[in-house]
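# my questions are about this predicted structure, shown below with the sequence.
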Amino acid sequence: MTASENPADGPVIELRGIDKSFGPVQVLHGVDFEVHAGEVTALVGDNGAGKSTLVKCIGGIHPFDSGEYLFDGSPVHVGSPRDAAALGVEIVYQDLALADNLDIVQNMFLGREKKRGLILDEYAMEELAAETLAGLSVRTVKSVRQQVSSLSGGQRQTVAIAKAVLWNSKVVILDEPTAALGVAQTQQVLELVRRLADKGLAVVLISHNMNDVFAVSDRIAALYLGRMAAQVKTRDVTHAQVVELITAGRSGDLGIQQANGNGAKA
Ligand SMILES: Nc1ncnc2c1ncn2[C@@H]1O[C@H](COP(=O)(O)OP(=O)(O)OP(=O)(O)O)[C@@H](O)[C@H]1O
């Protein structure tokens with residue numbers, strides 16, 4: 001276990017004072033954000049608050065204008081998704097980007113196929129795909145050779161998450177993974193999200209669903225109009241306070257200490 005896998009240690013990712021504009025429009029204003037190993041950090045905020053933009057800065061898709069990006073405590077330059085992947089940062093988007101006409105193994109290794117010489121090592125990929133799914137206690141998928149088009153929404157989300165953790169990821173960012181799912185499938189995906197953190201990964205969960213946020217997160221980071229309104233321990237806040245943070249950018253009865261994520265430990 002490396003230092004970053006111990007939740008008692010510092011954040012895996014720490015962003016300080018991130019500013020980001022698109023042309024004349026400033027979308028992120030001095031945003032500080034931390035994610036910790038072994039924890040689920042829910043990133044919440046109203047439509048247009050800047051959640052996707054922040055995550056795309058973390059994933060190297062958008063360069064930010066100013067601010068610092070620290071990984072395991074050291075400053076890094078993440079200028080492309082490849083840089084982010086090299087650090088072990090993977091983003092699973094809501095629209096998933098799985099190829100329907102390919103099977104689970106082909107999807108999980110798409111663009112990063114294992115080869116023996118010039119030949120695809122189908123057996124090794126099959127085994128690793130099955131191992132990864134089993135390691136995440138995913139039992140709903142019958143065969144790793146199943147076409148992705150035949151999977152349910154929850155199974156697709158599961159495959160997309162398994163694909164992200166296949167590459168020794170340290171940080172997995174999930175963009176609204178339950179948005180299109182029914183009750184039972186949402187439950188399965190949330191359990192998987194929790195297991196990822198329990199295995200030592202740092203998980204960021206973008207969500208509009210307060211029930212999901214409170215069911216699975218350890219911390220909540222609330223963006224309001226491109227500013228970080230608060231980062232708090234989930235156990236230190238109520239639904240009503242989080243809703244206030246999202247809709248008004250503050251919560252009257254939330255202490256400054258907590259708003260800075262330094263709330264008293266229970
Ligand atoms: N490529 C872009 N060019 C110009 N403006 C952009 C671009 N991407 C995002 N924006 C603007 O930045 C702001 C924040 O958008 P962003 O998608 O980050 O919000 P969000 O919190 O993820 O919202 P939602 O919950 O609706 O997905 C919005 O006003 C949006 O119009």
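Perfect, thanks for sending it.
# ok, Val138 to Gly17 distance?
Per C-beta to C-beta, to the nearest Å, Val138 is found 39 Å from Gly17. (Each C-beta comes from the backbone N, C-alpha and C, glycine too.)
# these two: who's more crowded?
Neighbour count, other C-beta atoms under 10 Å: between Val138 and Gly17, Val138 has more, with 19 against 13.
# around the ligand, pick out the residues from the protein.
Contacts of the chain with the ligand, taken as C-beta under 6 Å from any ligand atom, map to Phe22, Val25, Val27, Gly45, Asn47, Gly48, Ala49, Gly50, Lys51, Ser52, Thr53.
# got a quick ChimeraX command for the buried subset of those residues?
Command for ChimeraX that selects the buried part of the residues of the chain next to the ligand, burial taken from 16 or more other C-beta atoms under 10 Å:
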select :27,45,49,50,51,52,53
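# narrow the residues of the chain next to the ligand to those in strands?
Among those, the ones falling in strands (DSSP state E) are Phe22, Val25, Val27, Gly45.
# any idea how far Thr178 is from Val213?
From Thr178 to Val213 the distance is 11 Å (C-beta to C-beta).
# of the two, who's got more company?
The residue with more neighbours, out of Thr178 and Val213, is Thr178; 26 against 21, by other C-beta under 10 Å.
# correct me if wrong: that one contacts Glu191.
No: counting by C-beta atoms under 8 Å, Thr178 does not reach Glu191; the two are 11.2 Å apart.
# any shared contact partners between Thr178 and Val213?
Ser207 (C-beta atoms under 8 Å, 6 or more residues apart in numbering).
# so where does the residue nearest to Val138 when sequence neighbours are not counted fall, helix or strand?
With sequence-adjacent residues excluded and distances taken as C-beta to C-beta, 6 or more residues apart in numbering, Val138 is closest to Thr158, at 5.3 Å. In this structure, Thr158 sits in helix 153-165 according to DSSP states H and E.
# quick one: residues in contact with that helix.
90-92, 96-98, 104, 107-108, 129, 132-133, 136, 138, 140-141, 148, 151, 172, 174, 177-178, 180-182, 184-186, 188-189, 192-193, 196, 201.
# the stretch 1-150 of the chain: helices as residue ranges?
Counting by DSSP state H, counting those that start in this stretch, the stretch 1-150 of the chain has helices at residues 51-58, 81-87, 104-108, 122-135.
# for Gly249, which of these is the nearest?
Proximity to Gly249, assessed across the helices of the stretch 1-150 of the chain by C-beta to C-beta, is greatest for helix 51-58 (14.2 Å).
# run the chain-centre distance for the closest one.
Mean-position distance between helix 51-58 and its chain equals 11 Å (C-alpha atoms, centre = their mean, to the nearest Å).
# likewise stretch 194-211?
7 Å.
# run through the strands of this protein in chain order.
Secondary structure of the chain, counting by DSSP E: strands at 13-22, 25-35, 40-45, 66-71, 74-75, 89-92, 115-116, 119-120, 171-175, 202-206, 219-224, 227-233.
# tell me which of those lies nearest to Asp83.
Nearest to Asp83 among the strands of the chain is strand 89-92 (8.7 Å), distances taken as C-beta to C-beta.
# quick one: list the elements packing against the closest one.
helix 51-58, helix 153-165, strand 171-175 (3 or more C-beta pairs under 8 Å, 6 or more residues apart in numbering; DSSP states H and E).
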